[in-house]
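J.: pasting the sequence and the predicted model now:
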Amino acid sequence: MSDFLGGGQPTFLGTYTPRLDDKGRLILPAKFRGQLAPGFVMTRGQEHCLYVLPFEEFRRMHDTIGQSSVTDREARNYSRVFLSGATDELPDKQGRISIPAPLRTYAGLDRDVAVIGVGRRVEIWDLVAWETYLAAEEGNYADAAEGVSTNRTL
């Protein structure tokens, strides 16, 4: 974990490939453990991955979602899916985290997983799904750089 963003904001970087044990636990990459040691929120992410969010980042996302109008159907739907799958977790002394069965099912996690740093969050993917996604998106990477580098928020 780095602090490239300044102000104490975590910056999670890299790709790691731990394995789930028979109890649905995985060992967090050593670089992520310090920032996630106080606990975090795990929930459904897009493309059938899981988001692992430090509490501060979860609060930021929750506040953003909360600013949407309750009359906005799309916002309600997003909020329901995002928050209904959320669970607060605490790593054990060995840096292991338990992934609840419903979230393992949602993400298609079996044994081999990819744990990737995506700036302010960590994502957990089924390894084959991640490799497939990455292969498909790498071709669009250069084209996407122009849109991402403008003044829009990721």
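T.: Happy to help now that I have it.

J.: so who does the residue nearest the centre of the chain touch?
T.: The C-alpha lying nearest the average C-alpha coordinate of the chain belongs to Tyr51 (CA atoms, centre = their mean; 2.3 Å). Contacts of Tyr51 were listed using CB atoms under 8 Å, 6 or more residues apart in numbering, and they are 41-45, 121-123. (Glycine included, C-beta is placed from N, CA and C.)

J.: can you pick the most crowded of these?
T.: Val122 (29 neighbours; other CB atoms under 10 Å).

J.: that residue bridge partners, please.
T.: As for beta bridges, Val122 partners with Val52, Gly117 under DSSP bridges.

J.: just to revisit the earlier point, nearest to Leu13, of the contacts of Tyr51?
T.: When the contacts of Tyr51 are compared for distance to Leu13 (CB to CB), Val122 wins out at 10.1 Å.

J.: that closest one reaches Val113, doesn't it?
T.: No - counting by CB atoms under 8 Å, Val122 stays clear of Val113, with 11.4 Å between them.

J.: once you drop chain neighbours, what's closest to the residue nearest to the centre of the chain?
T.: Spatial nearest neighbour of Tyr51, excluding adjacent residues (CB to CB, 6 or more residues apart in numbering): Gly45 at 4.1 Å.

J.: flag every buried residue along the helix or strand where Val113 lies.
T.: When elements are assigned from DSSP states H and E, Val113 belongs to strand 113-118. Across strand 113-118, burial judged by 16 or more other CB atoms under 10 Å covers 113-117.

J.: what mean pLDDT does that strand have?
T.: In this model, strand 113-118 has an average pLDDT of 98.

J.: report all helices and strands that it contacts.
T.: Judged by 3 or more CB pairs under 8 Å, 6 or more residues apart in numbering; DSSP states H and E, strand 113-118 is in contact with strand 15-16, helix 30-36, strand 121-126, helix 127-138.

J.: many thanks, have a good one.
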